[in-house]
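Student: show me the folded form of this:
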Amino acid sequence: MVRMYLSGLSRKVALLISLGLITSLGAPSITSAQIPQVQAPLPAAAPFSPVGDITWEIEPAFDHASPFSEGLAPVRVNNRWGYINRKGDMVIRPQFDETWGFSEGIALVKVGGKRSYINTDGKVVMRISSRVGFISPAFSEGVATLEVGDRWGYFEKNGKILFPPQLDKARDFSEGMAAIQKDGKWGYVNRKGKVVIKPQFDGAWEFVDGLAAILVDGKLGYIKPNGKIAISPQFEDSNDFKEGLAAVSIDDKWGYIDRKGTVVIQPQFVRAKDFSEGYAAVFLDGKYGYIDKSGKLAIAPVYDDFVGVFSQGLAMIRVGRQAGYVSQSGELAISPQFALAADFSDGIAPVKAGAKWGYLKHPKP
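Tutor: Residues are numbered from 1 along each chain as shown. Purely as a prediction, here's the structure:
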């Protein structure tokens, strides 16, 4: 994510089960590696034409369809949301005004302004008081954030309060810790609700692969789980580490560093996304293409905004207003023909074909 735009914001979510709010049913600096800038762009791709046969896992029949999580997916039919299984069967009938994906066995739903959590049978297991502000649609490591009266805390999936709502802000748990803001400064608490890294940073985010981004005097760096600086704050913006590399912004250009803070791909892009399956989308000459981990351009920059990450060997791309999928070789696997589309996961991807949504089957057997 782009941290500077999100500085001071948690994933705006929350809930509470006490007070009647829920009814329980020393760091190195970066050094420049000897990595050349990206090679000249590849020749433009040939005109697009249909590629391969389209196979539907679930035929388009929904007004909207979301990705699957834990075997179920939210879908909208006639302005009401319900849930389907992988066969396309409606297992929780459309009855909700809003829904979110299942997380650790429960999902947040909303009906007539009232929020609750349901289980996979569609049964309400927690009701949320109207006094609660933001509410977490997802649990992380069995814990979710809560906000009441502009104060934040944490509760567990069994309804037990882990940390009362007395914090300025609170972020999700990851790798056993969560970033919290107290008296204007950010630190970290553990799963017992104990402060393990005292609030001292201007901003702090989730741990990923043993490192967490922190903000100090307007610059971003990374810390270790013991609170010691791993990479000194020096970046204008940054992403989490993915596959050993993190996208960072230096002098308004994006490049990539390794876990030691060494620049391995020189800052040269207007935008840069995370690596996935060895490739990352970058914005070059007004279009998106993909680079490999050496920094070489692997797929020519011919695609428009809102491209996806590689998943199961394919990435969602856009040409004008049409979405399709490209392979890691740079060849189109599915030509741009959908109004909207998402990345593949577990062999399927939700796409909008005409006026309806369905689930596309991965073209590779």
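Student: from here on, contacts and neighbour counts on C-alpha atoms
Tutor: OK.
Student: next up, the contacts around Gly82.
Tutor: 74-76, 90-96, 99 (C-alpha atoms under 8 Å, 6 or more residues apart in numbering).
Student: switch to 10 Å and redo it
Tutor: Applying C-alpha atoms under 10 Å, 6 or more residues apart in numbering, one finds that Gly82 lies in contact with 65, 72-76, 90-100, 109, 122.
Student: next one: Pro363
Tutor: 52-56, 314, 333-334, 347-348.
Student: can you lay out the residues you listed as CSV showing neighbour count?
Tutor: Output for the contacts of Pro363, formatted as CSV (neighbours: other C-alpha atoms under 10 Å):
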residue, neighbour count
Gly52, 11
Asp53, 9
Ile54, 13
Thr55, 12
Trp56, 15
Leu314, 26
Ala333, 23
Ile334, 24
Gly347, 16
Ile348, 22
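Student: so which of the residues you listed is the closest to Ala170?
Tutor: In terms of C-alpha to C-alpha, no member of these lies closer to Ala170 than Ile348, at 33.7 Å.
Student: chain neighbours aside, what residue packs nearest to that closest one?
Tutor: With sequence-adjacent residues excluded and distances taken as C-alpha to C-alpha, 6 or more residues apart in numbering, Ile348 is closest to Lys361, at 4.7 Å.
Student: distance check, that neighbour against Pro67.
Tutor: From Lys361 across to Pro67, the span is 13 Å (C-alpha to C-alpha, to the nearest Å).
Student: what is in contact with those two at once?
Tutor: Where contact means C-alpha under 10 Å, 6+ apart, the residues bridging Lys361 and Pro67 through contact with each are 344-345, 348-350.
Student: just the closest of the residues you listed to Lys169, please.
Tutor: Of the shared contacts of Lys361 and Pro67, the one sitting nearest to Lys169 (C-alpha to C-alpha) turns out to be Ser345, at 32.0 Å.
Student: so what are the sheet partners of the host helix or strand of Ile92 and their directions?
Tutor: Secondary structure from DSSP states H and E places Ile92 in strand 90-96. Here strand 90-96 has these sheet partners by DSSP bridges: strand 80-84 (antiparallel).
Student: chain center to the strand it pairs with: distance?
Tutor: Mean-position distance between strand 80-84 and its chain equals 22 Å (C-alpha atoms, centre = their mean, to the nearest Å).
Student: pLDDT of that strand, averaged?
Tutor: Within the predicted structure, the mean pLDDT of strand 80-84 is 98.
Student: from the shared contacts of Lys361 and Pro67, which would you call buried?
Tutor: Neighbour counting with 16 or more other C-alpha atoms under 10 Å marks 344, 348-350 as buried within the shared contacts of Lys361 and Pro67.
Student: which one of these is nearest Gly320?
Tutor: Using C-alpha to C-alpha, those come closest to Gly320 at Pro350, 19.1 Å.
Student: my read is that the closest one contacts Pro67, right?
Tutor: Yes - with the criterion set as C-alpha atoms under 10 Å, Pro350 and Pro67 qualify as a contacting pair; they are 6.2 Å apart.
Student: overlap in contacts of the two?
Tutor: 73, 342-344, 359.
Student: tabulate these (CSV), appending pLDDT.
Tutor: Formatted as CSV, the entries for the shared contacts of Pro350 and Pro67 read as follows, by pLDDT from 0 to 100:
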residue, pLDDT
Ala73, 98
Ala342, 97
Asp343, 96
Phe344, 97
Tyr359, 98
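Student: want to throw those into CSV with secondary structure?
Tutor: CSV is the format used below for the shared contacts of Pro350 and Pro67 (DSSP: H, G, I helix; E, B strand; the rest coil):
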residue, secondary structure
Ala73, strand
Ala342, coil
Asp343, coil
Phe344, coil
Tyr359, strand
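Student: okay if I get the residues you listed as TSV plus distance to Leu297?
Tutor: Supplementary listing: these in TSV, determined by distance: C-alpha to C-alpha, whole Å:
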residue	distance to Leu297
Ala73	35
Ala342	23
Asp343	21
Phe344	23
Tyr359	31
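Student: select only the buried ones of these in PyMOL?
Tutor: Buried subset of the shared contacts of Pro350 and Pro67, written as a PyMOL selection, criterion 16+ other C-alpha under 10 Å:
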select buried, resi 73+342+343+344+359
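Student: which of the shared contacts of Pro350 and Pro67 lies closest to Ala170?
Tutor: Ala73 (27.7 Å).
Student: list the residues that contact that closest one.
Tutor: Contacts of Ala73 were listed using C-alpha under 10 Å, 6+ apart, and they are 65-67, 82-86, 88, 90-91, 99-102, 350.
Student: am I right that Gly330 falls within a strand?
Tutor: No - Gly330 sits outside any strand when classified using three-state DSSP, being coil.
Student: residue ranges with poor pLDDT in the stretch 201-350 of the chain?
Tutor: Along the stretch 201-350 of the chain, the model assigns pLDDT under 70 to no residue.
Student: and the helices in the protein, which stretches?
Tutor: If you assign secondary structure with DSSP state H, the helices in the chain sit at 3-6.
Student: returning to what we had before: could I get the average pLDDT for the strand holding Ile92?
Tutor: 98.
Student: in that strand, what's buried?
Tutor: Buried residues in strand 90-96, defined by neighbour count with 16+ other C-alpha under 10 Å: 90, 92-96.
Student: with stretch 229-244 instead?
Tutor: Taking 16+ other C-alpha under 10 Å as the neighbour-count basis, stretch 229-244 is seen to contain the buried residues 229-242.
Student: chain center to it, what's the gap?
Tutor: Using C-alpha atoms, centre = their mean, the distance between the centre of stretch 229-244 and that of its chain works out at 17 Å.
Student: kindly report the same for stretch 335-350.
Tutor: The offset between the C-alpha centroid of stretch 335-350 and the centroid of the whole chain comes to 17 Å, using C-alpha atoms, centre = their mean.
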